[in-house]
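J.: give me the fold of what follows.
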Amino acid sequence: MYPMKFEPVLKQTLWGGDKIIPFKHLNETLSNVGESWEISAVEGSESMIANGADKGLTLTEAVGKYRAELLGESNYARFGLKFPLLIKFIDAKLDLSIQVHPGDELARKRHNSFGKNEMWYVVAADKGARLISGFSEQIGLKEYKERVYNGTFAEVLQSCDVRSGDVFYVPAGRVHGIGGGVFLAEIQQTSDVTYRIFDYNRKDAAGKPRELHTTLAAEAINFGDVQDDFRTHYDPEPNEPVELVASPYFTTYLYDMTEEITCDYSELDSFVILICTEGACRIVDDNGYEVTLRSGETLLLPASTADITITPQESVKLLETYV
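T.: This is a model prediction of the structure:
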C-alpha cells in the first residue's frame, strides 16, 4: 500500500462561498461551494483514489480490498468495512443553520448510522466572524420548545469571535452553528445525520422553507452543556506535534513546520490522515513512495505505514488525525 490522495466531492449549498476552489487549486467554475468532502465513505458521496496503482477505486472499495492493512487491526475489528472518519473543508459565506447531531446510540437506533462527534480547525476567518458552540445558560425542554417557537433560541447559545488557528471540539449533543465568514477544516465520524433547529427562515432552491428537525433534535440535545468558553486552548510549538483533540472517536495533532521531521507510526495500529491547511511539503514513506502535499489537499496513510519523512517547502501546517 501507499499514501493515497482522493478526488474531492464538492457540495454546492445555499450558504456556500468562493474560497474552496482557489484554496484547493482546482480548475473549476462552480459557485457557492460550501463543502469539499476530502475523505468520505458516506454512501452517494464516496471519495475516489486519485493517485497510484489503485487510482479509480472508491474508499469503500479500497477498505474491502486491504481491510486491516488499511484500517489497522483494532479498527477493522471495531468497524469492519466501514471507514470511520469523514474529512471536510467548509466555507460559510452565510450563517449555517443552528443544529445538533445525535450520538452513536441514538443515530444507530434512528438511522443505522454512526453518531457525529466532530472538531473544527479554523483555517481563516473574516473580521467579526463567529461560531456558535453550546449553551450560555441552562434551559430545559419546555423552554427549548418555547424559544424555538418564538424565535429566541439563539439568545441562550454561546457565540464567540474566531480567528485562524482556533479549535473547537463539538461532541454529539452540543448545539452549534458555523457563522458567515468562517473557513474551516472539519474532522468527524462518518455520518451525514444533522438535525436543524433554526435556519434563519431561509428557503430552498424551490422557494420552500428548509426542513427543520426541532422534535428529533430535542432528544439529541445535551441541555446541561453550559460553559463560558468552548474553545480548545493549546500552546503552539514549531516543528513539534501539538495535541488538539484526544477523544474515543479520533485524535488530532497540529504540525507547524519549517524543518524536516520523521513521524514513526510503527507502534500505531491505525490509518493516519494528513490535512494540509497552509504551505506545502514533500512526504516520503518507508517504502520510498513520494508525494507532494499542498494547502487544500488531504492524504491517507494506510495502517501498514511504518514511518514518513515530511520536508516543508519553506513552511507547512498539517493536521494529523487517526482513530
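J.: how about the helices in this protein?
T.: Assigned by DSSP state H, the helices in the chain fall at 20-23, 59-66, 68-71, 73-79, 104-111, 141-150, 214-220.
J.: which one of those lies nearest to S36?
T.: When the helices of the chain are compared by Cβ to Cβ, helix 20-23 sits nearest S36, at 5.0 Å. (Each C-beta comes from the backbone N, C-alpha and C, glycine too.)
J.: got the domain ranges for this protein?
T.: The chain breaks down into these domains under automatic domain parsing: 6-232, 242-322.
J.: can I get the ones you listed in CSV with mean pLDDT and mean neighbour count?
T.: Shown next, in CSV, are these (pLDDT from 0 to 100; neighbours: other Cβ atoms under 10 Å):
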stretch, mean pLDDT, mean neighbour count
domain 6-232, 96, 18
domain 242-322, 98, 18
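J.: can you pull the contacts of T258?
T.: P238, N239, P312, E314, S315 (Cβ atoms under 8 Å, 6 or more residues apart in numbering).
J.: if we go to 7 Å?
T.: Listed by Cβ atoms under 7 Å, 6 or more residues apart in numbering, the contact set of T258 reads P238, N239, P312, S315.
J.: my read: G165 touches V122, true?
T.: Yes: G165 is within contact range of V122, at 6.4 Å (criterion: Cβ atoms under 7 Å).
J.: any idea what the spatially most central residue of the chain is bridged to?
T.: The chain has E186 as the residue nearest its centroid, 2.0 Å off, counting by Cα atoms, centre = their mean. Beta-bridge pairing for E186 (DSSP bridges): K88, W120.
J.: for it, what are its contacts?
T.: Contacts of E186 by Cβ under 7 Å, 6+ apart are K88, I90, E118, W120.
J.: state the distance from Q189 to N117.
T.: To N117, Q189 is 6 Å away according to Cβ to Cβ, to the nearest Å.
J.: what's the overlap in contacts for these two?
T.: Shared contacts of Q189 and N117 (Cβ under 7 Å, 6+ apart): Y249.
J.: I'd like the distance between the closest residue in space to I275 that isn't next to it in sequence and S74.
T.: Nearest residue to I275 in three dimensions, chain neighbours excluded: L319, at 4.2 Å (Cβ to Cβ, 6 or more residues apart in numbering). For L319, the distance to S74 (Cβ to Cβ) stands at 22 Å.
J.: same question for Y195.
T.: Remark: distance between Y195 and S74 (Cβ to Cβ) = 31 Å.
J.: and for G56?
T.: G56 is 29 Å from S74, by Cβ to Cβ.
J.: likewise A217?
T.: A217 is 33 Å from S74, by Cβ to Cβ.
J.: the stretch 151-300 of the chain: strands as residue ranges?
T.: Applying DSSP state E, counting those that start in this stretch to the stretch 151-300 of the chain gives strands spanning 157-161, 167-170, 176-178, 182-189, 195-198, 231-232, 242-246, 251-257, 261-264, 272-285, 290-294, 298-301.
J.: just put these in a markdown table and tack on distance to Q12.
T.: Shown next, in a markdown table, are the strands of the stretch 151-300 of the chain (distance: least, Cβ to Cβ, whole Å):
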| stretch | distance to Q12 |
| --- | --- |
| strand 157-161 | 27 |
| strand 167-170 | 24 |
| strand 176-178 | 16 |
| strand 182-189 | 16 |
| strand 195-198 | 18 |
| strand 231-232 | 30 |
| strand 242-246 | 29 |
| strand 251-257 | 28 |
| strand 261-264 | 36 |
| strand 272-285 | 22 |
| strand 290-294 | 24 |
| strand 298-301 | 20 |
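J.: looking at those strands, which is closest to K11?
T.: Nearest of the strands of the stretch 151-300 of the chain (Cβ to Cβ): strand 182-189, 12.2 Å.
J.: just the C-alpha atoms of that closest one, please, in PDB.
T.: Extracted as PDB, the C-alpha positions of strand 182-189 are listed here (Å, rounded to 0.1, in the frame of the first residue of the first chain):
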ATOM      1  CA  VAL A 182     -15.600  31.200   8.700                       C
ATOM      2  CA  PHE A 183     -13.500  28.800   6.600                       C
ATOM      3  CA  LEU A 184     -12.500  25.600   8.500                       C
ATOM      4  CA  ALA A 185     -11.400  22.000   8.300                       C
ATOM      5  CA  GLU A 186     -13.800  19.500   9.900                       C
ATOM      6  CA  ILE A 187     -12.900  16.100  11.300                       C
ATOM      7  CA  GLN A 188     -15.900  13.900  12.200                       C
ATOM      8  CA  GLN A 189     -17.300  10.500  12.500                       C
END
